[in-house]
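Colleague: here is my input; please provide its structure:
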Amino acid sequence: MNRLMQTLTRSAVAAAVMTVFAASALAADLKVGLSVSLSGPNSSLGVPYSKGMAAAQAYKSEINGRKVQLIVLDDGSDPTTAGRNARKLIEEEKCDVIMGTSGVPAAIAMAQVAKETKTPMIGLTPILLDAADNPWVVTVAQPTQLMIDAVVERMKRNNVKTVGYIGFTDAWGDLVYTALMKAAPKAGITVVSNERYARADASVTGQVLKIVALKPDAVMTGGAGTPGALPFLALQERGYKGGVYGQHGLINPDFVRVVGAAGQGALMPTGPIIVAEQLPDSNPTKKIGLDFRQVFQKVNNAPTTDAFSAYSFDGWLVFADAAARAKGEPGTPEFRVALRDAIFSTKEVVGTHGVYTFKPGDISGVDERARVIVKLEDGKWKLAP
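Modeller: Residues are numbered from 1 along each chain as shown. This next block holds a predicted model:
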C-alpha cells in the first residue's frame, strides 16, 4: 500500500509540474511596438524616446508573470514611414500596443492605423485628435493648450502686451499657434505675426526680419528639437532685446547645444521631470522622477537631460498598469480591446511628467501637476520662481 501511495504521489507531483510548465509555455509574451525617429531631422527627439523606452523595459520587464517584448522601428522622421511602421508592428509583429513618435504629423499617421486595426496606441507627443472618432489613442504628453496657457500666464506677469509668433509649417506649429491665439486675448496680449518655417530649413532670417520690424514685446516659438533653435539664433543676430518664449518641444540637450547663448534666459513650460531634483518633496512626481533618472543612467550609461525619454517611460507605466488589469490572451483582438478599455480606466498613475487619469472621450490624462516653467541659464534648466 505504501509503495502504491508513493507511486501515486510521485505521479501527482509530476503532473502538477507538467501543468506549470505547460501553463508557462502557453502564457504569451506581451508585445510593445515603438516607432520613433532614429534618423532625420527629428532624431534629436527620437533617440531619447528610444533610450527612455529601454530604461522603462528594464524598470518593469514582466507583468503578471508575462515577459514584455519591445520592438523598435525607425521612421526616418517621415510620417508616411511612421504609418507603415505602425501597420508592420500590428499586422506582422502582432504587437498588443503601439507607441510613438517624434513628431505630431507622424503620430497622427500612426493613430490612423491604430484606429483601422483596432489596436491601442499610447502617443508620446501632444497630438490633438477627436476621441469620439478615434477611441483607440491616448497620449502621455501634456496637451498643448495646458502648456501654452502657462506660458501666457508668465507673459502677463512680465507685462507683455504684444507677441510675435514663429513656428513650424506642420501640425506642431499649428497646435502651438492655435493655443497661443486662444490664450493670449484673455490675458490682454495681441499676437502680431504668424511666421512659419519647415523643419529642414537652414535659415529663418526672412521671417525674423518681419517679426523684428513689428517691434513686439516678446516672441513665441513653435518649433521642436534641434530645428527649434533657428528662431532664437536669428533673433540674437538681429539684436532683438525682447523676451523669447518656447514650449515643451524644445526641452532636449541638442536644442541647448545648438542654441547656445541665444537661448539664455528663455522661458518655457515642461513636465516636472526636467527639474526633478529642484522640486519640493511634496511634489507627487519627484520620487518616480528620481527613480527614472537612476534606471536611465544604469541602462544607457549616461544621464538623462531631456524631457522626451521620460515620455516613453510614462507611456510604459500607463501600459503596464493597464496590462496588469486587462483580461485575455495577448496577441488576440479580444486582448487589444481589453487593454484599450483598461487604459481608458487608468486612475492616478504617477509618472515622471504628471499623474495620469484617463477616461473615454479624453485622450489626455494630465492636469496642472504636469507642468512647470523653467528658464535656460548657462546651458541648464532652472525651475523659474
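
Colleague: by contact count, what packs against the helix or strand harbouring residue 99?
Modeller: Using DSSP states H and E, residue 99 sits within strand 97-100. Judged by 3 or more C-beta pairs under 8 Å, 6 or more residues apart in numbering; DSSP states H and E, strand 97-100 is in contact with strand 30-36, helix 79-87, helix 104-117, strand 121-123, helix 308-325. In this view, the C-beta of every residue, glycine as well, is placed from N, C-alpha and C.

Colleague: out of these, which is closest to residue 48?
Modeller: helix 308-325 (4.1 Å; C-beta to C-beta).

Colleague: now the closest one: buried residues?
Modeller: Within helix 308-325, the residues scored as buried using 16 or more other C-beta atoms under 10 Å are 308-323.

Colleague: so which residues of this structure form helices?
Modeller: With DSSP state H as the criterion, the chain has helices at 2-26, 43-59, 79-87, 104-117, 144-157, 171-183, 205-213, 230-237, 253-259, 286-300, 308-325, 333-343.

Colleague: where among the ones you listed is average confidence lowest?
Modeller: Sorting these by mean pLDDT places helix 2-26 lowest, at a mean of 41.

Colleague: can you add distance to residue 130 and give the helices of the chain back as JSON lines?
Modeller: Shown next, in JSON lines, are the helices of the chain (distance: least, C-beta to C-beta, whole Å):
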{"stretch": "helix 2-26", "distance to residue 130": "39"}
{"stretch": "helix 43-59", "distance to residue 130": "25"}
{"stretch": "helix 79-87", "distance to residue 130": "18"}
{"stretch": "helix 104-117", "distance to residue 130": "11"}
{"stretch": "helix 144-157", "distance to residue 130": "15"}
{"stretch": "helix 171-183", "distance to residue 130": "14"}
{"stretch": "helix 205-213", "distance to residue 130": "31"}
{"stretch": "helix 230-237", "distance to residue 130": "31"}
{"stretch": "helix 253-259", "distance to residue 130": "31"}
{"stretch": "helix 286-300", "distance to residue 130": "31"}
{"stretch": "helix 308-325", "distance to residue 130": "21"}
{"stretch": "helix 333-343", "distance to residue 130": "16"}
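
Colleague: and residue 265, which of the ones you listed is closest to it?
Modeller: Across the helices of the chain, closest to residue 265 is helix 230-237 (C-beta to C-beta), at 10.5 Å.

Colleague: and that closest one, what other elements does it pack with?
Modeller: Using 3+ C-beta pairs under 8 Å, 6+ apart, helix 230-237 sits against helix 205-213, strand 218-222, strand 243-245, helix 253-259.

Colleague: winner for burial among the ones you listed?
Modeller: Stretch with highest mean neighbour count among the helices and strands packed on helix 230-237: strand 218-222 (a mean of 27; mean count of other C-beta atoms under 10 Å).

Colleague: for it, what is the distance to the chain centroid?
Modeller: 22 Å (C-alpha atoms, centre = their mean, to the nearest Å).

Colleague: which residues are in contact with that strand?
Modeller: Here strand 218-222 makes contact (C-beta atoms under 8 Å, 6 or more residues apart in numbering) with 151, 155, 158, 160, 162-168, 172-173, 175-177, 180, 191, 211, 228, 231-232, 235, 240, 242-247, 249-250.
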